[in-house]
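# Structure of the sequence below:
(chains A and B)
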Amino acid sequence: MAAISSGSTSQTDLTIKGTQAGLQRVGTLLVGPAILLVIAVNVLPAFVGFYSSLRRIFFFTDEGFVGLDNFVAIFSEASTYATIARSFVFTFGSLALAVPLALLVALAVRQLGRRGRLFLTMLLVPWAMSPIVVALLWKWILLPSPGGLLASTFIALGWSPVALLTDPSAAMPTIIVVGVWRNFAFAAIILTAGLGQIPNDLYKAAAVDGHSVWERFRRITLPLLAPSLLIVLCVLTISYFNEVQVIIGLTTGGPINATTTLAYQLYQTGFVELDQGRGNAIAVVMFLINLLLVIAYVRLLGGSKGDGK
Amino acid sequence: MTRSHNPSRRDAVRTALTAAIALPFINTKVGAQALSGTVRVWSFLSPEGQTPREKVLKTLVDAFRARHPAVTITIEPQPFQELETRFVAAAAQRRAPDLVWMRDTFLGLVHDRQGLANLDEVLTPEFKARAIPDMYSVFVEKSVFGGFRTSLPLWPSPAQSIFYRKDALGEIGLEAPPLNWDAFVDAAGKLTKGNRLGFGLPSNDNSVASLLNILSGFGPDAFDKTTGRIDLSGPMAAEAAGVVRRLVSNGALSRTLLNTMGDDIQDQFAAGRFAMAQAFTPRFDQFKRIAAGYDAKHLAVSAWPSFGTRPASVLLGPYWTIGMSAASTNKPAAAAFLESLYSPEASMLWAKEAGIVPDRKSVMTDPWFQTPAASMIQVFVSLLGAPGALTFPQRLPDVTRIFPVLNKAQQELMGTDEAIPAILARARSTLGW
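Numbering: from 1, shown residues only, chains lettered A, B, ... in the order given. Below is the predicted model:
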């Protein structure tokens, strides 16, 4: 009986192991194509990009290995540092507007219920539009000529038209506003979902304890929203740091480089000047900066895990 | 989709011309029957488009199809600033089109990458004997690199010229812009009035730089004969830059209108923003059609002013050319279609429908060119033959960088008070010259 029992157990073990192995194979088969796709579409091009950054490639002709020359050339130009600084101004300027705005909208949506969700859907339209279409739309609005909507309105009101896209001091704030207009609703969706995860009981208990609205926001909402805020900050930072289509469509990096960010410099170097080796070197620099920013966010916000303790 | 359509006079003319284009080839039907397959063409024009040039291209494609039913012509529109790069990339991947529209300034780079066929090996002897000598040699010869004919120039015209409103100039007692920079700057300043600016210059294109057009007022000496470079630390560049500064100082150029492209200038000119503006000459008809802030009958075209007593400047480029892929698998049909674009009948169509100077000089004897409808073409032809007409060097160095770099310098000249030598020195340093 014992022998039978032992044999039965090992048989069962074998069956379980066989089933597990089979499930693993099925799992591998199911995930395999996706992994291959990610490798083909993301990983391999990244390696090719890094490899290309070490070569002199001009007008689609590979002229050979140049080591770190492309990077040296980038950092030898004084304008590169100003370009990096402008990237940070655009990125953090946009974040400084977009995140609070998204949070306000998310709070409003939570308060308004179904009407709030309809409101959020309407706000999402710019995010669903192609960035280049958004840029053209705003260009028509902001054109400084009598044909521009804003200029025409100003003239009708007896004011002088303003050159928001062509004045060096106004161009960067203008593209920040357009960038925020396009993206903040996406952040609002994530924050709305995050707010939905916070139990109402906590607010009720805090109200019973006599906490003000501001205290409830500071002690309950913000700590518990940290994971969502982390996602929003990471996604928007990468999005704004790499933003190029709105800049191409609105200002093409001008006037006088006032809106030339690293992303636009990459486009200009790689696709206009056709220096693809140096363009890839800029892409590698951008990747490293993005990586550092995300690591910084995770260290700053990731530790709280939203447990609110 | 079908739609009712009342044939207009233009449609009737187009139909008649299509028939006229097809007729001369009927006696070559035996040869025509040998052509078959598909010819892929990359152009910035779309056969579905509604601009005059797009309508003409469609008519020419239809006429070719009528003559060669076994040949399919596929026009694949591309962004005009990416035609050369896309072509080189496509050639490397063995998917290049049979024919491609290219700017003259890129020919050297594309030729060096061996993407183009030698047209002398594919064009018919008759075409080479009759058509090529009938074209403007200044354009034709620029496409030939050491005996290798890379392309054929299309639409001979002064590329960037000055469009002006006769009504605006009339306000200050002028019929046309002065052709000397000193006088031009004064006039442009006087033309600024209310929201209207005296002069409009694009300053953010990747293949056009107003500073080069101003520099062309020094004639061919503006370009180094050996290197093709301009001396950005020399007196000519400083004087050209000084012109921009003076135009800003007297209010002719806006201090804040800094990153406009040619299309922006076109739109704003239509809205009445400028009395004069730099414009792409083959778009003259388009400018007339979209005029809204002024009466289109007042639109006219001028050469560029010059420095000192030199003749008025006409910089013949960048302009369009058409080349054939070295890897084309249907060279006979591609060559036949290419030749059809340069037939005398096609030249007449480009002229009548799109207001473009005919590629074939001989058609200028047609009585139509003496009519008022052709008056602007006569002006363009006179500009082409002007003593100050010149092209860019065959190999313009750093052609992918020079225009953006000079445009940034122009923006700095317009929008800052920085010293001219410092701005030009920075541009020179950026180019590594």
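# does stretch B:239-256 come close to chain A?
Yes. Applying CB under 8 Å from any CB of the partner chain, one finds stretch B:239-256 in contact with chain A at B:254, B:256. Bear in mind the C-beta positions are built from the backbone N, C-alpha and C, glycine included.
# distance between that stretch and the chain's centre?
25 Å (CA atoms, centre = their mean, to the nearest Å).
# and that stretch, which residues are buried?
Neighbour counts over stretch B:239-256 (16 or more other CB atoms under 10 Å in any protein chain shown) mark B:239-248, B:250-256 as buried.
# and what of stretch B:126-140?
B:127, B:131, B:132, B:134, B:135, B:136, B:138, B:139, B:140.
# thinking again about what came up before, can you tell me which of the buried residues of stretch B:239-256 are in helices?
Counted as lying in helices by DSSP state H, out of those, are B:239, B:240, B:241, B:242, B:243, B:244, B:245, B:246, B:247, B:248.
# for chain A, what are the nearby residues on the stretch 151-300 of chain B?
Selection of the stretch 151-300 of chain B residues close to chain A by CB under 8 Å from any CB yields B:195, B:203-204, B:206, B:254, B:256-261, B:264, B:267-268, B:270-273, B:292-293.
# wait, the stretch 1-150 of chain B
Residues of the stretch 1-150 of chain B lying near chain A (CB under 8 Å from any CB): B:81, B:82, B:85, B:88, B:89, B:92, B:109, B:112, B:113.
# Can you give me the separation between the residue nearest to residue B:112 when sequence neighbours are not counted and residue B:322?
Closest residue in space to residue B:112, ignoring its immediate chain neighbours: residue A:61 at 8.0 Å, by CB to CB, 6 or more residues apart in numbering or on different chains. For residue A:61, the distance to residue B:322 equals 23 Å [CB to CB, to the nearest Å].
# More neighbours: which of the two?
Looking at residue A:61 and residue B:322 with other CB atoms under 10 Å in any protein chain shown, you find the greater number of neighbours at residue B:322, namely 21 against 14.
# most centrally placed residue in chain A?
Closest to where the C-alpha atoms of chain A average out (CA atoms, centre = their mean) is residue A:239, at 2.7 Å.
# Might you report the residue contacts of that one?
residue A:183 (CB atoms under 8 Å, 6 or more residues apart in numbering or on different chains).
# how about it, secondary structure?
helix (DSSP: H, G, I helix; E, B strand; the rest coil).
# And it, how far from chain B?
24 Å (CB to the nearest CB, to the nearest Å).
# what residues are up against residue A:110?
Contacts of residue A:110 (CB under 8 Å, 6+ apart): A:116, A:192, A:195, A:196.
# What separation is there between it and chain B?
Separation of residue A:110 from chain B (CB to the nearest CB): 42 Å.
# Which helix or strand contains that residue?
According to DSSP states H and E, residue A:110 maps onto helix A:78-112.
# before we move on, back to that, among the residues of the stretch 1-150 of chain B next to chain A, which lie within helices?
B:85, B:88, B:89, B:92, B:109, B:112.
# Show me which of these are buried.
B:85, B:88, B:109.
# Next, the contact list for the first one, please.
It stands for residue B:85. Taking CB under 8 Å, 6+ apart, one finds A:59, A:60, A:271, A:274 in contact with residue B:85.
# can you tell me which residues contact residue B:217?
B:181, B:240, B:304, B:305, B:306, B:307, B:310, B:313, B:388.
# Just give the closest residue to it, not the sequence neighbours.
Counting by CB to CB, 6+ apart, the residue nearest residue B:217 is residue B:306, at 4.0 Å.
# do you know how far residue A:292 is from residue A:298?
Remark: distance between residue A:292 and residue A:298 (CB to CB) = 11 Å.
# Who has more neighbours out of the two?
Taking neighbours as other CB under 10 Å, residue A:292 and residue A:298 compare with residue A:298 leading, 13 against 10.
# My guess is that one contacts residue A:233. True?
No. At 9.7 Å, residue A:298 does not count as touching residue A:233 under the criterion of CB atoms under 8 Å.
# Residue 91: what's it in contact with?
Let's take chain A. Going by CB under 8 Å, 6+ apart, residue A:91 touches A:237, A:240, A:241.
# look at chain B instead
B:113, B:115, B:325, B:326, B:327.
# Next: residue B:387.
By CB under 8 Å, 6+ apart, the contact set of residue B:387 is residue B:311.
# Return the per-residue confidence for it.
Predicted confidence (pLDDT) for residue B:387: 86.
# any idea how far residue B:312 is from it?
The value you get for residue B:387 to residue B:312, if CB to CB is used, is 8 Å.
# again with residue A:227
69 Å.
# and those two? which has more neighbours close in?
Between residue A:227 and residue B:312, counted using other CB under 10 Å, the more crowded position is residue B:312 (20 against 17).
# tell me which residues of whichever helix or strand comes after the helix holding residue A:110 are tucked away?
Downstream of helix A:78-112, the next assigned helix or strand under DSSP H and E is helix A:114-123. Residues A:116, A:119, A:120, A:123 are the ones in helix A:114-123 that count as buried (16+ other CB under 10 Å).
# Just the strands from chain A, written as ranges.
A:55-58, A:61-65 (DSSP state E).
# Summarise which helices and strands the first one is packed against.
When contacts are defined as 3 or more CB pairs under 8 Å, 6 or more residues apart in numbering or on different chains; DSSP states H and E, strand A:55-58 sits against strand A:61-65, helix A:276-301.
# Mind giving me the packing neighbours of the longest one?
The elements that helix A:276-301 packs onto, with contact taken as 3+ CB pairs under 8 Å, 6+ apart, are helix A:44-52, strand A:55-58, helix A:69-76, helix A:222-241, helix A:262-267.
# follow-up on the earlier one: pipe the buried ones among the ones in helices among the residues of the stretch 1-150 of chain B next to chain A into JSON lines and attach pLDDT per row.
Formatted as JSON lines, those follow (pLDDT from 0 to 100):
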{"residue": "B:85", "pLDDT": "88"}
{"residue": "B:88", "pLDDT": "91"}
{"residue": "B:109", "pLDDT": "91"}
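# Considering only helices and strands, which part of chain B has the lowest mean pLDDT?
Least confident helix or strand of chain B, by mean pLDDT, DSSP states H and E, is helix B:29-33 with a mean of 45.
# Give me the buried positions along the helix or strand hosting residue B:211.
Using DSSP H and E, the element containing residue B:211 is helix B:210-215. Buried positions in helix B:210-215, judged by neighbour count with 16+ other CB under 10 Å: B:210, B:211, B:212, B:213, B:214, B:215.
# What parts of the stretch 201-309 of chain A come near chain B?
A:251-257, A:268, A:271-275.
# count of neighbours near residue B:373?
Counted with other CB under 10 Å, residue B:373 comes out at 12.
# Could you do the one 4 residues further on as well?
Burial of residue B:377 is recorded as 21 neighbouring residues (other CB under 10 Å).
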